[in-house]
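> dropping a prediction and its sequence here:
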Amino acid sequence: MKLTITRTSMGDQGTPGRAVLDVGVAAFCSLELPWRGNAHEISCIPAGVYDAAWLYSEHFGRNVYHLLNVPNRTTIEIHKFNWAGDAALGWVSNSEGCIGLGQQLGKMAPPPDVPSGEPHEPQLALLYSLIALTDFHRLTQGQPLTVVMQWADGANPEGN
């Protein structure tokens, strides 16, 4: 089973993409942190082909998909979340380097209880993430995955 995630752009509010599962030809939206040189907890991961396994997550207390053998990174999971902005620049993030799936992308204002405690302007967000992830898990049934992470033409921030 293969999941191909094509990142369509990259900005300080996150890295949106399209995630296509070859089973049932299911498509989802994806969101990751901006590219920050593969830095731990603040960057999306490098483009490449990764194995993913259905493993227990200490953070979530249940099984989720974990990408294996990501260079210089650990605990890269596929899970639900809304925001993946660059926190150092004031954007909200629910991600520490993981991949989120949703039914669509849009703009959404984070709640006032974000770490700053201040109202925040709407930012790029994954919408209907729980619904998408539930569908993704129904289709994959915990089976091993090959995950292809790639950039759309012209979207690679490193120019490759």
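Structure's in. What do you need?
> now the helices for this protein?
In the chain, the helices defined using DSSP state H lie at 129-140.
> for it, which residues score under the pLDDT cut-off?
24, 112-119, 160 (pLDDT under 70).
> just give me the residue right at the centre of it.
Nearest residue to the geometric centre of the chain (Cα atoms, centre = their mean): Ile99, 2.0 Å.
> and for the closest residue to that one other than its chain neighbours, the neighbour number?
Excluding the flanking residues, the one nearest Ile99 by Cβ to Cβ, 6 or more residues apart in numbering is Ile78, at 4.8 Å. Using the backbone N, CA and C atoms, a C-beta is placed for each residue, glycine as well. A count of nearby residues for Ile78, using other Cβ atoms under 10 Å, gives 23.
> check Thr4 too.
17.
> with the one 3 residues further on instead?
For Arg7, the neighbour count with other Cβ under 10 Å is 23.
> ends of stretch 63-82, how far apart?
One end of stretch 63-82 to the other measures 20 Å (Cα to Cα, to the nearest Å).
> let me redo that: stretch 8-17
OK, stretch 8-17 end separation, Cα to Cα: 5 Å.
> and what of stretch 146-155?
22 Å.
> what's the answer for stretch 4-14, then?
18 Å.
> could you do stretch 106-120 as well?
15 Å.
> what sits against Pro110?
Asn82, Trp83, Val92, His120, Gln123 (Cβ atoms under 8 Å, 6 or more residues apart in numbering).
> again, only using 10 Å
82-83, 85, 91-94, 116, 118-123, 125 (Cβ atoms under 10 Å, 6 or more residues apart in numbering).
> okay, and the beta partners of the residue nearest to Ile99?
Beta-bridge pairing for Ile78 (DSSP bridges): Tyr65, Ile99.
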